[in-house]
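Undergrad: 3D model of this:
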Amino acid sequence: MKIYTRTGDSGTTGLFGGPRVAKDDTRIEAYGTVDELNAVLGCVRSAVESAVAECEDEPERRDALMQFDDRIGQVQHELFSLGAELASPHPDEFQLRVIGTRHIERLEKWIDETEALLPPLKQFILPGGSPVAAQVHLARAVCRRSERRVITLADSVQSETPIGEEVIVYLNRLSDWLFVVSRDVNRLLGREDQPWQKP
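TA: All right, here's what the predicted structure looks like:
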């Protein structure tokens, strides 16, 4: 199968089980940004792999990073499915609705577990710290944008097949989890969060 088809050369693309639309359509923006988030998470995993290699003689630190890597892998698979749901104007017809309450509850469990390891946050912090944490902060920001794009799509298709509420909640919880993970990664790698200082 060829990677190029020339069908999109006019600035349109086909939806899953739907019509062709402009490549800047709100639906394309929504699932395209989810795809971008997935790509950034791939960069996170690459950075984690390097950090794990540096912790070979520290099993606890290494295992915590590997657990984080495993969880990011789960999320990547879920985001791929979420993107497929968003790519179709008829997700129920093609049984594309995958993300549900159990995925949200699992993210909340991960947030609670991670927060229990961290000192209370008393002020805003800047993105950064270790290379892994900086990548996680970038993923968090892209996740927030994904959430905004999906909300825009949900508002625009109210009279059609609605966007599942779970999708928006999932992205919201995912960004929260990525935030606490950025702090935990800095803790694991011996880096302090950088507090924001009013100029």
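Undergrad: lowest confidence element among the helices and strands of this structure?
TA: Lowest on mean pLDDT, DSSP states H and E among the helices and strands of the chain sits strand 12-14, with a mean of 57.
Undergrad: model confidence over the helix or strand containing Gly42, on average?
TA: Per DSSP states H and E: Gly42 is located in helix 26-53. Across helix 26-53, the average pLDDT comes to 95.
Undergrad: before we move on, what about stretch 74-82?
TA: 96.
Undergrad: buried sites along that stretch?
TA: With burial defined by 16 or more other C-beta atoms under 10 Å, the residues of stretch 74-82 counted as buried are 75-76, 78-79, 82. Just so you know, the C-beta spots here come from the backbone N, C-alpha and C atoms, and that holds for glycine as well.
Undergrad: repeat that for stretch 26-42.
TA: 26-38, 40-41.
Undergrad: all the strands of this protein, residue numbers only.
TA: For the chain, the strands defined by DSSP state E occupy 12-14, 20-22, 125-126, 194-195.
Undergrad: partner strands of the third one and their direction?
TA: What it means is strand 125-126. According to DSSP bridges, strand 125-126 has the following sheet partners: strand 194-195 (antiparallel).
Undergrad: got any ranges where the chain has weak pLDDT?
TA: By pLDDT under 70, the weakly predicted segments of the chain are 1-23, 91-94, 158-160.
Undergrad: hmm, try it at 50
TA: Filtered on pLDDT under 50, the chain yields the residue ranges 4.
Undergrad: all helices for it, in order.
TA: Along the chain, counting by DSSP state H, helices occupy 26-53, 59-86, 101-115, 131-156, 165-188.
Undergrad: closest one to Pro199 among the ones you listed?
TA: helix 131-156 (20.1 Å; C-beta to C-beta).
Undergrad: got the angle for that closest one vs helix 165-188?
TA: Counting by axes from the mean of the first three to the mean of the last three C-alpha atoms, to 10 degrees, helix 131-156 lies at 170 degrees to helix 165-188.
Undergrad: helix 131-156 to helix 26-53, inter-axis angle?
TA: Relative orientation of helix 131-156 versus helix 26-53 (the same axes, to 10 degrees): 160 degrees.
Undergrad: show me what helix 131-156 is packed up against.
TA: Under the contact definition 3 or more C-beta pairs under 8 Å, 6 or more residues apart in numbering; DSSP states H and E, helix 131-156 sits against helix 26-53, helix 59-86, helix 165-188.
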